[in-house]
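Visitor: fold the following, please.
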Amino acid sequence: MNRERRGWLPCLLGGAVFAVCMVGTTLPTPLYGLYQEKFGFSELTVTVVYAVYAFGVIGVLLLAGNASDTVGRRPVLLWGLGCAAASAVAFLCATGLGWLYAGRLLSGLSAGLFTGAATAYVMDLAPSGGASRATFVATAANMGGLGCGPLLAGLLAQYAPWPLYLPFAVHLGLVACSAAVVVWLPETVRDRRPLSAVRPQRPGLPARVRAVFGPAAIASFVGFALFGVFTSVSPAFLAQSLDVDNHAVSGLVVALAFFASTGGQLAVGRVGVGRSLPLGCGALLAGLALLAGALRWDLLPLVVLSALVGGAGQGLTFRGALSAVAAASPADKRAAVISTLFVVAYAGISVPVIGVGVLVGPLGLEGAGLVFIACMAVLVSIAAAYLLRRPVPAST
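Guide: Numbering: from 1, shown residues only. Below you'll find the model as predicted:
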């Protein structure tokens, strides 16, 4: 069966598998309050538990970010699904804080294996001439999966029994179905080599990628940092400052940011890659300003607006960055370059989030959030100024 006859089905199935993996990475988001009650840990510990995931992602991307270029896409995705299943089991067995660290680390390993490999795989599986749409499928699967995680967990925690167990049992079943799909899908790497050929890689870029990588990476860093704060501390802010104790509502607020990101990614096709990056930076600034207002005046509508506007900005910058970087990359280095972009992005999820957790003690949640917003606003302003002076070529 040739690619024309297969059409878009394999590409869409690859995107569905990608989404299932990413669901597991945000599944615990609305449950952190319940874990705090059960195990008695602080807000700083919440941010550290959350950030352990990002360290797992970065570690895999640095050690084996190019693995799928070497051994093939399918083996790497199956390893990633294995880590996702192990993460779900760790949360199902959780009797103390150590299990949460293990579950988040395993979740990070799964995401690290998936980010570069699954993005490249979805693009490989697309019909001829469908690179732009395939990029949207990959990024939408990534962000859509991240959004479905807190929404699914919040609904099950609020309206179903066993709130700390049922979400992970459901995800375990989805992972099993995804493994069957990956086994059915074709391999797209022709010149495969043994696992021993995989070597740890230092972050590095081909010369022709560097011109677009810097501003794209900064914008991705800020967008992911905004999501990191939303997914780690917004449930606590909603509960402590706004008296919102409904887990489904907390999950929905977080999910809205990721769904808005998918909308922003879709808009890239209309506005073009060259304009999407500076426009996305502007939307990120607006989202940060709305979040600052929400923290200052304890207003739920501003929280929702910041999720929508900031999420849309993240989507514009993320897909624009991914499209620009992927288009400038040699075919045999695509997964490795994409993985390097994700290293920067996931650094945004970890370092600033832990910083917020450290500052919560002396400054409180509002003060820590405002310091974070100020720092991120400076970074995204630098990226926007650079992009306005040296825009990404429209043909990229």
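Visitor: any weak-confidence spans in the chain?
Guide: Applying pLDDT under 70 to the chain flags the ranges 1-6, 201-204, 335, 393-396.
Visitor: by contact count, what packs against the helix ranked longest in it?
Guide: Ordering each helix of the chain by length in residues (DSSP state H) puts helix 334-389 first. Judged by 3 or more C-beta pairs under 8 Å, 6 or more residues apart in numbering; DSSP states H and E, the packing partners of helix 334-389 are helix 43-64, helix 67-71, helix 97-125, helix 210-242, helix 273-297, helix 300-328. Bear in mind the C-beta positions are built from the backbone N, C-alpha and C, glycine included.
Visitor: out of the ones you listed, nearest to G367?
Guide: helix 273-297 (8.7 Å; C-beta to C-beta).
Visitor: tell me the helices and strands packed up against the closest one.
Guide: By 3+ C-beta pairs under 8 Å, 6+ apart, helix 273-297 packs against helix 210-242, helix 247-271, helix 300-328, helix 334-389.
Visitor: want to throw these into CSV with distance to L284 and mean neighbour count?
Guide: Shown next, in CSV, are the helices and strands packed on helix 273-297 (distance: least, C-beta to C-beta, whole Å; neighbours: other C-beta atoms under 10 Å):
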stretch, distance to L284, mean neighbour count
helix 210-242, 6, 24
helix 247-271, 10, 23
helix 300-328, 4, 25
helix 334-389, 5, 20
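Visitor: turn the helices and strands packed on helix 334-389 into CSV, columns for distance to V356.
Guide: Below are these laid out as CSV (distance: least, C-beta to C-beta, whole Å):
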stretch, distance to V356
helix 43-64, 6
helix 67-71, 32
helix 97-125, 17
helix 210-242, 6
helix 273-297, 11
helix 300-328, 15
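Visitor: what's the closest of those helices to G80?
Guide: helix 97-125 (3.5 Å).
Visitor: got the angle between the helix or strand following that closest one and helix 97-125?
Guide: Next along the chain after helix 97-125, taking DSSP states H and E as the criterion, comes helix 131-159. Helix 131-159 and helix 97-125 meet at an angle of 150 degrees, taking axes from the mean of the first three to the mean of the last three C-alpha atoms, to 10 degrees as the criterion.
Visitor: and helix 131-159, what does it pack onto?
Guide: Judged by 3+ C-beta pairs under 8 Å, 6+ apart, the packing partners of helix 131-159 are helix 9-26, helix 97-125, helix 166-184, helix 247-271, helix 300-328.
Visitor: got the buried residues for that helix?
Guide: Buried residues in helix 131-159, defined by neighbour count with 16 or more other C-beta atoms under 10 Å: 134-158.
Visitor: count of neighbours near P278?
Guide: Neighbours of P278 under the rule other C-beta atoms under 10 Å: 22.
Visitor: could you measure from it over to S87?
Guide: 37 Å (C-beta to C-beta, to the nearest Å).
Visitor: next: R193.
Guide: 29 Å.
Visitor: and these two? which has more neighbours close in?
Guide: Taking neighbours as other C-beta under 10 Å, R193 and S87 compare with S87 leading, 30 against 12.
Visitor: where's the more buried one, which helix or strand?
Guide: Using DSSP H and E, S87 falls in helix 73-92.
Visitor: mind listing what's buried in that helix?
Guide: Within helix 73-92, the residues scored as buried using 16+ other C-beta under 10 Å are 73-77, 79-92.
Visitor: what helices or strands is it leaning on?
Guide: helix 9-26, helix 67-71, helix 97-125, helix 166-184.
Visitor: okay, the angle between it and helix 43-64?
Guide: Using the same axes, to 10 degrees: helix 73-92 against helix 43-64 is 160 degrees.
Visitor: out of the helices and strands packed on helix 334-389, flag the one nearest H171.
Guide: Proximity to H171 (C-beta to C-beta) singles out helix 97-125 among the helices and strands packed on helix 334-389, at 10.1 Å.
Visitor: okay, the angle between that closest one and helix 334-389?
Guide: Using the same axes, to 10 degrees, helix 97-125 lies at 90 degrees relative to helix 334-389.
Visitor: list the helices and strands helix 97-125 packs on?
Guide: With contacts taken as 3+ C-beta pairs under 8 Å, 6+ apart, helix 97-125 sits against helix 9-26, helix 32-39, helix 43-64, helix 67-71, helix 73-92, helix 131-159, helix 334-389.
Visitor: one step back: got the helices and strands packed on helix 131-159 as CSV, with distance to P391 columns?
Guide: Output for the helices and strands packed on helix 131-159, formatted as CSV (distance: least, C-beta to C-beta, whole Å):
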stretch, distance to P391
helix 9-26, 29
helix 97-125, 24
helix 166-184, 38
helix 247-271, 12
helix 300-328, 10
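Visitor: for I218, which of the ones you listed is the nearest?
Guide: Smallest distance to I218 across the helices and strands packed on helix 131-159 (C-beta to C-beta): 9.1 Å, for helix 300-328.
Visitor: next, the contact list for the residue lying closest to A102 once chain neighbours are set aside, please.
Guide: Of all residues not flanking A102 in the chain, A90 sits nearest, at 4.6 Å (C-beta to C-beta, 6 or more residues apart in numbering). A90 sits next to 99-100, 102-103, 106 when contact means C-beta atoms under 8 Å, 6 or more residues apart in numbering.
Visitor: let's see it at 6 Å
Guide: 99, 102-103 (C-beta atoms under 6 Å, 6 or more residues apart in numbering).
Visitor: still on that earlier bit, closest to L9 out of the helices and strands packed on helix 273-297?
Guide: Proximity to L9 (C-beta to C-beta) singles out helix 247-271 among the helices and strands packed on helix 273-297, at 20.5 Å.
Visitor: which strands and helices sit next to the closest one?
Guide: helix 131-159, helix 210-242, helix 300-328 (3 or more C-beta pairs under 6 Å, 6 or more residues apart in numbering; DSSP states H and E).
Visitor: distance to V273 added to these, as a markdown table?
Guide: Compiled in a markdown table, the helices and strands packed on helix 247-271 are given as follows (distance: least, C-beta to C-beta, whole Å):
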| stretch | distance to V273 |
| --- | --- |
| helix 131-159 | 9 |
| helix 210-242 | 9 |
| helix 300-328 | 5 |
